[in-house]
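Chemist: Curious how this folds, go ahead:
(one chain, ligands or ions: 1)
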Amino acid sequence: MVEKERTEVSEAEVAVHWGEEEYYYPPMEFIAQANFTDPTIFDRFSEEHFPECFKEFADMLDWYQYWHTTLDTSNPPFWKWFVGGKLNACYNCVDRHLEANRNKAAFIFVPEPEDEDHSVITYQELYVRVNEMAAVLQSLGLKTGDRVTIHMPMVVELPITMLACARLGIIHSVVFAGFSGQACADRIEDSGSHILVTIDAYYRSGKLLDHKVKADQAVQAAKEMGQEVEKVLVWRRYPGEYHSEAPMVEGRDVFVDDLLKAHRGARVEPVHMPAEAPLFLMYTSGTTGRPKGQQHSTGGYMAYVTWTSWAVQDIHPEDVYWCMADIGWITGHSYIVYGPLSLAATSVIYEGVPTYPDAGRPWRISEQLGVNIFHTSPTAIRMLRKADPDGPKNYPNVQFKHMTTVGEPIEPEVWRWYYHTVGKDKAVIVDTWWQTETGGFLCTTIPAIHAMKPGSAGPALPGIYATVLDDEGNEIPPGAGRAGNIVIRNPWPGITQGIWGNPERFIQTYYAKYNRDPNSKDWRDWPYFAGDAAVQAADGYFRILGRVDDVINVAGHRLGTKEIESAVLTVEEVAEAAVVPRADELKGTVPEVYASLKPGIEPSPEIEQKIVKAVETIISKIARPKNVYLVPDLPKTRSGKIMRRVLAAISNGKDPGDVTTLANPEIVKQIHEMVKARHQAEK
Ligand code: WT7
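Modeler: Reported below is the predicted structural model:
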């Protein structure tokens, strides 16, 4: 595919022009208190000790039964970790902490309205509430292996529902609350859920949003796809009060606070789950329309997030840890809920947007709760920096020991602001590169062991054999100054077990590119293709450049261009559409839409608005296009393929290159003029 190769080449060109950044060293005070300071781990986790080395991770968990096989490779690339072992994720996150930490805060929930007090949920209280919710799920006839879709925002009832599922071995599928009813329906249908858990309303940017309406749309749309939702469980933001315009549907919808009354004080035994039983599904956008349900295991996943939370996040039970991500994404699953709770941490759940009512909010919350580990995305950092670059200086009691950035590449300039102004030169920073598929961090510095380098994630973690390959599969050596595809040569415990219901697509997406022999049972023949371009410096640090496929990373959220294009095509006036990423100061990249209209239809601002609306309602507001260009035709090759590369260059103010071989080269000039005019108007 010509288009793809061209994108990769341009990424590489960028890389060559980059200078090396200076190192920053972790402060002695940090090292003195760190969980993990032992550099010999890299020897213990060298290839000759693989896979047995990962016992060290699994030993951080409580097992009902020990495993007999550390890694089963009999059916590549469907790896099985800790086979024969039995455990329960909820037990590991809740029950096992009661003896020593019953009274300790598990979660602190911070509502968005600043005049509404935060609430503290101790481990004891979490235990009680999770048990009662598990009893509710059981009373509905749900059992081990069933799927439940949870479409909920950042409230503590979300992890309570997840943990209640985990207690019973029910596979949860959490859908980001910002997603539309339609997007939720796609995930309900794909996972085959009969139960949807939702909430009436939640706060976002100062408004109490009606969320239950999306449940009605989701159930309706799922039904049209042939998937019947039997029960909709509705939590209430304020128990006893209902804040939605959507009526409760008789026989289908029930308030969770009503159901819970019948189960007060209930205790439900955690089910002893096989290590390789799925714990949850997390959907991620791909290059084609349909989202992929990444299936994560109980034993391998829990072992991986527990160890990485301990060694990389440096979470101690006495820390106050705040990850500003949303639980509706993998970051929240691994590093708000499962990892931190497994370590008996105090994990902060903030309902709203970081800049509400102003950009000082994160610093006020951190002062008030004594947050000392802070975890967020480059987009949030850029937003806070732009809104009030000196803001953090007004909050002398914000004292972080540790900060994380995740989800997109961070510019060295922005990194330095985070380090100096937010961290006050005292906090270590980890830039953690990973994906929904990988369960947990893959490349990052270990904060008490490695120096930091702005803009680079860092070396691969112990037991992760990462490398950069060119398109032919040749290794690009560290320090070569050339970009390629970042690849993990081996399986690791946190890796996805596959795509729900679609094993073929799993192999195609992640393994087909570099697999050496489809019949091989040797893991060495199955390098994992992550879909990111990267350069590896001479010191082994990886600098991630971005996606090589048709995926747009908006503010750390992965969106498929094809998905957005299909949404655009639902507008009846549209004949053809192409969506491309445009670099954005705050969000990293944002989608731009190019659409041609059906014969006889004139472009108009109304049609542009219809397209924006379609994207927002079918996918989410996060996918909102920055611009919609209604063009006479899209640039195409002689065989009729839309040249997204040409459009992407134009959107980003770059030279579209040689277009003379196109079927319609004259159109490029017209589009170019149109876009230039719009860019002028933006200024
Ligand atoms: C994609 C994964 C990681 C969990 C949250 C997003 C990009 C992720 C970094 C980083 C540069 C990064 C990659 C990756 N990405 N972390 N530290 N530096 N890029 O999970 O939605 O599955 O997205 O996010 O492109 O493939 P996701």
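
Chemist: So which residues make contact with the helix or strand harbouring Gln368?
Modeler: Using DSSP states H and E, the element containing Gln368 is helix 361-369. For helix 361-369, contacts defined as Cβ atoms under 8 Å, 6 or more residues apart in numbering pick out 108, 110, 114, 118, 320, 322, 324, 348, 350, 354-355, 371, 374, 384, 391-392, 394-395, 397-398, 400. Where C-beta positions appear, they are placed from N, C-alpha and C, glycine not excepted.

Chemist: one more time with 6 Å
Modeler: Helix 361-369 is contacted from outside by Ile108, Val110, Val320, Pro354, Pro392, Tyr395, Asn397, Val398, using Cβ atoms under 6 Å, 6 or more residues apart in numbering.

Chemist: what's the closest of these to the ligand?
Modeler: Pro354 (16.5 Å; Cβ to the nearest ligand atom).

Chemist: residues touching the closest one, list them.
Modeler: So Pro354 contacts Pro362, Ala380 (Cβ under 6 Å, 6+ apart).

Chemist: Quick check: phi and psi at it.
Modeler: phi -60, psi -30 (degrees, to the nearest 10).

Chemist: Please apply the same query to Asp186.
Modeler: Taking degrees, to the nearest 10, you get phi -60, psi -40 for the backbone angles of Asp186.

Chemist: Count the residues that sit near it.
Modeler: 24 (other Cβ atoms under 10 Å).

Chemist: any idea how far it is from Ile619?
Modeler: Shown here: Asp186 relative to Ile619, a distance of 10 Å by Cβ to Cβ, to the nearest Å.

Chemist: repeat for Ala451
Modeler: 40 Å.

Chemist: Compare these two and say which one has the larger neighbour count.
Modeler: Neighbours per residue, other Cβ under 10 Å: of Ala451 and Ile619, the larger number sits with Ile619, 24 against 14.

Chemist: Might you report the residue contacts of the more buried one?
Modeler: With contact set as Cβ under 6 Å, 6+ apart, Ile619 has these partners: Ala183, Ala567.

Chemist: okay, now the closest residue to the ligand within the stretch 551-683 of the chain: neighbour count?
Modeler: Closest residue of the stretch 551-683 of the chain to the ligand, Cβ to the nearest ligand atom: Arg558 (3.9 Å). Arg558 is flanked by 21 other residues according to other Cβ under 10 Å.

Chemist: in its sheet, what does the host helix or strand of it sit against?
Modeler: Counting by DSSP H and E, the element that carries Arg558 is strand 557-560. Paired neighbours of strand 557-560 in the sheet (DSSP bridges): strand 551-554 (antiparallel).

Chemist: so how far is the strand it pairs with off the chain centroid?
Modeler: 12 Å (Cα atoms, centre = their mean, to the nearest Å).

Chemist: Residues in contact with stretch 647-654: which ones?
Modeler: Ala578, Val580, Arg582, Ala583, Glu592, Tyr594, Pro656, His672, Val675.

Chemist: Secondary structure class of the third one, three-state.
Modeler: In the three-state summary, Arg582 is assigned as strand, counting by DSSP: H, G, I helix; E, B strand; the rest coil.

Chemist: from what I can see, Thr660 looks like it's in a strand, true?
Modeler: No: read with three-state DSSP, Thr660 is coil and lies in no strand.

Chemist: Neighbours of it, how many?
Modeler: Thr660, neighbours per other Cβ under 10 Å, totals 7.

Chemist: now swap in the one 5 residues further on and tell me
Modeler: Applying other Cβ under 10 Å, we find 14 other residues in the vicinity of Pro665.

Chemist: is it true that it touches Val659?
Modeler: Yes: contact criterion Cβ atoms under 6 Å: Pro665 and Val659 qualify, at 4.8 Å.

Chemist: Going by neighbour count, list what's buried in the helix holding Gln368.
Modeler: Arg361, Pro362, Trp363, Arg364, Ile365, Ser366, Leu369 (16 or more other Cβ atoms under 10 Å).

Chemist: Thanks a lot, catch you later.
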